[in-house]
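Enquirer: give me a model of this one.
(2 chains)
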There are 2 protein chains.
Amino acid sequence: MTTTYDLVVLGGGPGGFDAAVEAAAAGLKTALVEAADLGGSCLNHGCIPTKLWLGATSAIEELAAQTKVRVASGEIRVDFTALQSRKDRHIAATRKAMGSRLAQLGVDLLTGRGRVAGPNALEVKCADGVKPLAFRNLLVATGSRPAAFPGLTPDGARVLDSTGFLALTAMPKSLIVVGGGFIGLEMAQAAHRLGAHITIVDALPRLAGLEDPEVSKALETVFKRQGWDIRLGVKVASVVTQDDSAVLTLEGEAAGEELLAECALVAIGRRPNSADLGLESLGVELSGPGYIKTNEHLEAAPDVYAVGDVNGRMLLAHAASHQAHYVVERLLDQARGAYESGPVPSILYGSPEVLRVGLMAEEAKAGGEDVLVSRAQLIANPIAQAHAATQGFVKCVWRQGRVAGITAVGADVSRMAVAASLIVRAGWTREDAAGFMFPHPTLDESLKAALLADKEAA
Amino acid sequence: MTTTYDLVVLGGGPGGFDAAVEAAAAGLKTALVEAADLGGSCLNHGCIPTKLWLGATSAIEELAAQTKVRVASGEIRVDFTALQSRKDRHIAATRKAMGSRLAQLGVDLLTGRGRVAGPNALEVKCADGVKPLAFRNLLVATGSRPAAFPGLTPDGARVLDSTGFLALTAMPKSLIVVGGGFIGLEMAQAAHRLGAHITIVDALPRLAGLEDPEVSKALETVFKRQGWDIRLGVKVASVVTQDDSAVLTLEGEAAGEELLAECALVAIGRRPNSADLGLESLGVELSGPGYIKTNEHLEAAPDVYAVGDVNGRMLLAHAASHQAHYVVERLLDQARGAYESGPVPSILYGSPEVLRVGLMAEEAKAGGEDVLVSRAQLIANPIAQAHAATQGFVKCVWRQGRVAGITAVGADVSRMAVAASLIVRAGWTREDAAGFMFPHPTLDESLKAALLADKEAA
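Expert: Model (predicted):
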């Protein structure tokens, strides 16, 4: 006789794990099916290891900034083997803590690949055989994986995807990064600090192509000053391992030109993990590269939900967790309205950092809407001055007298993420900003300065 | 014939300067009287130079943390002369920018000591003679100065107050800090990073005596681990310069015991600058050590306002600025209600940092009120892990199901100040926290974890 679970969750990344924990804590009989490791891409091959690299090397940037203004000098050596070992231990400990939490809450964890086997039924291919699961509700949170294209396919030798790159045992002396988005830029920054010479190649005409063009420009300026070779608006014919090198061949105008490095990282986006799950039998539809279509309640079919990267709404761990919270509330009859994300903050870590939340001026203009913008430069901020990291700005987008978006670039701007998100959500007026007590001195005063600055057409 | 100013401001620190700028921008005819330098204690002898020291040396702490976990090694040398020169240039440039702003807005700046000369009249002793000023409204924002007591009086040789300490041309090899409050602790941290051996002496039984006792304990643990000699609950008979040393003599139980160091910093609080201003003739009253009494509209007498340190409400630059904004709104007939500060964030910078906003559990208990608390440890946070700085916690105080206060201690917790302040102001419930999208990974998730943690009696 089989248990019928109130909720079966497919995928133990941020969305799936949080859903399982919340559901079980609320008394729902819950199972979690994970084919690989608890924590998903974020913990095991994504944001967390990257942040461990960036955190471990941040003193290098701090020192470089003070060296540039001739206040400090010195040398910092990072033991990459020790760093990787610390990273692996941290990830393993976090996975263990996640497992304990599931056990403590009575969540049944199945390690194996799950596949729909009929209405309200799943089969999980575990190491010790196929196990059937019956469910009242299914939550698909299977996430995404690095994208690969013909000619741009990691071979695991000198051409790596983000997963392979984060598993390196030695940092190469030179690195070609294909893709100038957040993933590529964070990893390139860590590699730069660890001594790699960086070449960035992107088909788009600017770095961080989804961000405000002024942000792209600021990033390009800083990275070029660090000696990076940045090739924008160029197409890649192929990148392959030849002997002991990664060889990238350009096409288009620069056709035939080759770039060589000790290693290449392909970071050209991510693709949803929606294939081979048997979801079509439940009436689930896919769109684009395989994103699961969801309605305003995050339902993909009756009693079937999808959250996180796999639904394609927003490929961010915190978006997955937020959606998971909504689904569990819905299962508990506590969320009757449509899902609303509220402002979704997006962060590039490193030096500089990028923060974006809410509307960008470009988006508004593309939609035919006239918005106003106001700005403050970090150079006027005492905390930016204290860290000798004064490049960058905060920019606010105004719609009908209220803040609709905040974008920032510069050292440590990620620390303003929650404040910016709360302010955008509340739709502050200029008077709201003037009447709120921002602590002094803080980097956040640059946000205040931007909110109080004169507005101009975008 | 004399101009009658709509507003004359006495004191060009954060409160006075902001008031003058806001008033002039709104069209009020404004004069600002400053006896010394624009920017007041905060810019010239307080928060800003201290933050420049801490910012310039933060790589040292980052490296120390990574060295401790054996990921990094290295040496950082800070050129103290270069740091002081950079600090002086930054302060001078900021003062200059402030002066330009005043000129641009048409504020008349008088450099000299102002004194009330009758109803609606002031005399300013300038270098080139005494100048009379007629005003409709007077704002007193004369700030505060370091406190000194018999036996504990800086002599400018080896015994210094914060002003003298920040003006040092070389960092001593050993430093006695009298006073374990925020000012003493920030300067001690900077001195420690710059190579000084630190001894802290305080009559109170714990460091940062105004904070949550758990914060005091966390600070003491970290600083002791750094090798500081911390003497709490001891009384100082005297501290004097003898030959080439500062000599501190204890009294009470340890009577006669002497502590020696190359230098001593006396940081035992601040005293209001309210004497010799002729305010009594306007009916202004003083309390305690000379704080100007103000009513709920920040009025000290009809048409006379007082903001900032001198009114004793809250000795913080941002509190002064916030009060100044209220006074100008009131002069413009835009603020009719009583002054309300909202939550006032208080920050200790350094490593670790302290953040406090709103109610502390101890305060509530002292007032006979039962509150609940919830906590999260930084060790569970991936950004704290990335910086190998996992000591510390976030603690929330709950009153009737709503957040009434947030306290945190640990590396970089200051970055949560604005978010914490907004959350306390909004009086979040646990459900508010659960439904808000905190970006991942951020240090702020430790705040989320504390908000979602089980509550217990304080």
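
Enquirer: what ranges does the stretch 1-150 of chain A have for its helices?
Expert: In the stretch 1-150 of chain A, the helices defined using DSSP state H, counting those that start in this stretch lie at A:14-25, A:40-45, A:47-56, A:58-68, A:80-104.

Enquirer: out of those, nearest to chain B?
Expert: For the helices of the stretch 1-150 of chain A, the distance to chain B is smallest for helix A:47-56, at 2.6 Å, taking C-beta to the nearest C-beta. Any C-beta I mention is one placed from the backbone N, CA and C, and that applies to glycine too.

Enquirer: about what we covered before: Serialize the helices of the stretch 1-150 of chain A to JSON lines and add fields for distance to A:M437.
Expert: JSON lines is the format used below for the helices of the stretch 1-150 of chain A (distance: least, C-beta to C-beta, whole Å):
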{"stretch": "helix A:14-25", "distance to A:M437": "34"}
{"stretch": "helix A:40-45", "distance to A:M437": "35"}
{"stretch": "helix A:47-56", "distance to A:M437": "30"}
{"stretch": "helix A:58-68", "distance to A:M437": "29"}
{"stretch": "helix A:80-104", "distance to A:M437": "37"}
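
Enquirer: would you agree A:A458 is in contact with A:V371?
Expert: Yes: applying C-beta atoms under 8 Å, one finds A:A458 in contact with A:V371, separated by 5.0 Å.

Enquirer: distance of the residue nearest to the spatial centre of chain A relative to A:V9?
Expert: Centroid-nearest residue in chain A: A:L316, 4.8 Å away (criterion: C-alpha atoms, centre = their mean). Going from A:L316 to A:V9 by C-beta to C-beta, to the nearest Å gives 19 Å.

Enquirer: residues touching the nearest residue to A:Q84 once chain neighbours are set aside, list them.
Expert: If the residues on either side of it in the chain are set aside, A:Q84 comes closest to A:T169, at 6.8 Å by C-beta to C-beta, 6 or more residues apart in numbering or on different chains. If you count contacts by C-beta atoms under 8 Å, 6 or more residues apart in numbering or on different chains, A:T169 has them with A:F80, A:T81, A:Q84.

Enquirer: which residues sit in contact with the second one?
Expert: Yep, that's A:T81 we're talking about. For A:T81, the contacting residues are A:T169, A:A170, by C-beta under 8 Å, 6+ apart.

Enquirer: separation between it and B:V71?
Expert: Relative to B:V71, A:T81 is positioned 10 Å away (C-beta to C-beta).

Enquirer: repeat for the first one
Expert: A:F80 sits 9 Å away from B:V71, taking C-beta to C-beta as the criterion.

Enquirer: the more surrounded of the two?
Expert: For A:F80 versus B:V71, the count of surrounding residues by other C-beta atoms under 10 Å in any protein chain shown is larger for B:V71: 24 against 17.

Enquirer: tell me the spacing between the more buried one and B:A59.
Expert: 15 Å.

Enquirer: cool, A:T429 as well?
Expert: In terms of C-beta to C-beta, A:T429 sits 40 Å off from B:A59.

Enquirer: higher neighbour count, the two?
Expert: With neighbours defined as other C-beta under 10 Å, A:T429 and B:A59 compare such that B:A59 has more, 27 against 15.

Enquirer: the closest residue to that one other than its chain neighbours: what's it in contact with?
Expert: Excluding the flanking residues, the one nearest B:A59 by C-beta to C-beta, 6+ apart is A:E62, at 3.6 Å. The contact partners of A:E62, by C-beta under 8 Å, 6+ apart, come to A:H387, B:S58, B:A59, B:E62.

Enquirer: A:T142 now?
Expert: A:L10, A:G11, A:G16, A:P272, A:N273, A:S274, A:L277, A:V310.

Enquirer: so what's the fourth one bridging to?
Expert: Each beta-bridge partner of A:P272 is listed here: A:S144, as defined by DSSP bridges.

Enquirer: ok, it touching A:R313?
Expert: No: the pair A:P272 / A:R313 is not scored as a contact, 11.0 Å apart, by C-beta under 8 Å.

Enquirer: the more surrounded of the two?
Expert: More crowded of A:P272 and A:R313, by other C-beta under 10 Å: A:P272, with 24 against 20.

Enquirer: returning to that earlier point: among the helices of the stretch 1-150 of chain A, which comes closest to A:I383?
Expert: Across the helices of the stretch 1-150 of chain A, the minimum distance to A:I383, taken as C-beta to C-beta, is reached by helix A:58-68, at 12.6 Å.

Enquirer: for that closest one, list the C-alpha coordinates in PDB.
Expert: Extracted C-alpha coordinates of helix A:58-68, given in PDB (Å, rounded to 0.1, in the frame of the first residue of the first chain):
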ATOM      1  CA  SER A  58      37.700  40.600  -1.900                       C
ATOM      2  CA  ALA A  59      40.700  41.700   0.100                       C
ATOM      3  CA  ILE A  60      42.600  41.700  -3.200                       C
ATOM      4  CA  GLU A  61      40.300  44.400  -4.600                       C
ATOM      5  CA  GLU A  62      40.200  46.400  -1.400                       C
ATOM      6  CA  LEU A  63      44.000  46.400  -1.400                       C
ATOM      7  CA  ALA A  64      44.100  47.300  -5.100                       C
ATOM      8  CA  ALA A  65      41.900  50.300  -4.500                       C
ATOM      9  CA  GLN A  66      44.000  51.600  -1.600                       C
ATOM     10  CA  THR A  67      47.200  50.900  -3.500                       C
ATOM     11  CA  LYS A  68      45.900  53.000  -6.400                       C
END
